[in-house]
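Asks: pasting a predicted model and its sequence here:
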Amino acid sequence: MTDELRGLLREGAEAHLPDRARMLARVERGTAPRPRNGERVRVLSWPKIALATLATAGTLTVSALAVVTAVQAPEPPRNPTAAAPTAAAPSSADRPAPPTEGSRTENGPLWADGSVDPHSNTYWAQSNVTLKARKPLTSLVVELRIALTEGVRDTGSWRTRPAADFDLSARREGGFLVYRWTLKPGRTVPSGEHVFAGQYDHAPGGRDAKDDTYRIEAATAAAEGGAAVWGGFA
């Protein structure tokens, strides 16, 4: 410690009301290095030194927080798709079961039979419902249900009766491709044999028709009530 610095400190201690700022300024002047050979020396004041120190400490604090945050961040799931719910594949239990009431191919004035047309091939098939009416029919509904096995798709239909006599629909219902012919009011189906057929594509290879069914409901002009027949294609 130089004699000049000692003097400055002694003056500050003897003062009645010490002036801190004034004392710091004197100390700064006393400790500042002396320029040599015209060299200019840049001296940081104590407030600047303090600010620089705080800035350095703040930078270190932010860096430390960033490191802690990176360490504590939760890891992403290793297999994000493992927890995702997957849609259950449709099972055979979702498909409607064939009728449990068996087959009834003859009732009143009606007789019917179901068969797969012999001209069906590896990619396409035609299912025929043959109806024999012993009396003229004043109302008639013929329904053909083709189970939606792989690749089944409607490609058309036909009947031996005039198309203008029937309303036709072909749609998917409850696991089946359903063809439905409904006799229009005021029209009549004469006695005799009539054929109603549905045509459809299917997956390559032989197709099992065991779940396919048909049903016919009809009535005559006589007050004897309606009649119904049904069956399969096995």
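Replies: Received it, and whenever you're ready, just let me know what you need.
Asks: quick check, pLDDT for residue 95.
Replies: What the model reports as pLDDT for residue 95 is 35.
Asks: do the one 3 residues further on as well
Replies: The model reports residue 98 with a pLDDT of 42.
Asks: for this protein, just list every one of the helices.
Replies: 3-14, 20-31, 46-72 (DSSP state H).
Asks: show the average pLDDT along the last one.
Replies: This means helix 46-72. Rounded mean pLDDT across helix 46-72 is 37.
Asks: also stretch 148-165?
Replies: Here the average pLDDT along stretch 148-165 is 97.
Asks: may I see the buried residues of it?
Replies: Buried positions in stretch 148-165, judged by neighbour count with 16 or more other C-beta atoms under 10 Å: 148, 149, 152, 154, 157, 159, 161, 165. Just so you know, the C-beta spots here come from the backbone N, C-alpha and C atoms, and that holds for glycine as well.
Asks: swap in stretch 200-214?
Replies: 200, 202, 207, 209, 211, 212, 213, 214.
Asks: the first one pairs with what?
Replies: Right, residue 200. residue 125, residue 154 (DSSP bridges).
Asks: that older thread, among the buried residues of stretch 200-214, which ones are in strands?
Replies: 200, 213, 214 (DSSP state E).
Asks: got these as JSON lines, with distance to residue 220 columns?
Replies: Below are these laid out as JSON lines (distance: C-beta to C-beta, whole Å):
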{"residue": "200", "distance to residue 220": "32"}
{"residue": "213", "distance to residue 220": "24"}
{"residue": "214", "distance to residue 220": "20"}
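Asks: nearest to residue 234 among those?
Replies: When these are compared for distance to residue 234 (C-beta to C-beta), residue 213 wins out at 9.9 Å.
Asks: correct me if wrong: that closest one contacts residue 232.
Replies: Yes. Taking C-beta atoms under 8 Å as the definition, residue 213 is a contact partner of residue 232 at 5.2 Å.
Asks: which stretches of this structure have low pLDDT?
Replies: 1-101, 223 (pLDDT under 70).
Asks: how is it partitioned into domains?
Replies: 1-32+44-59, 102-232 (automatic domain parsing).
Asks: so which of those domains is the most surrounded?
Replies: domain 102-232 (a mean of 17; mean count of other C-beta atoms under 10 Å).
Asks: for residue 229, give its distance to residue 165.
Replies: Computed as C-beta to C-beta, to the nearest Å, the residue 229 to residue 165 distance reads 20 Å.
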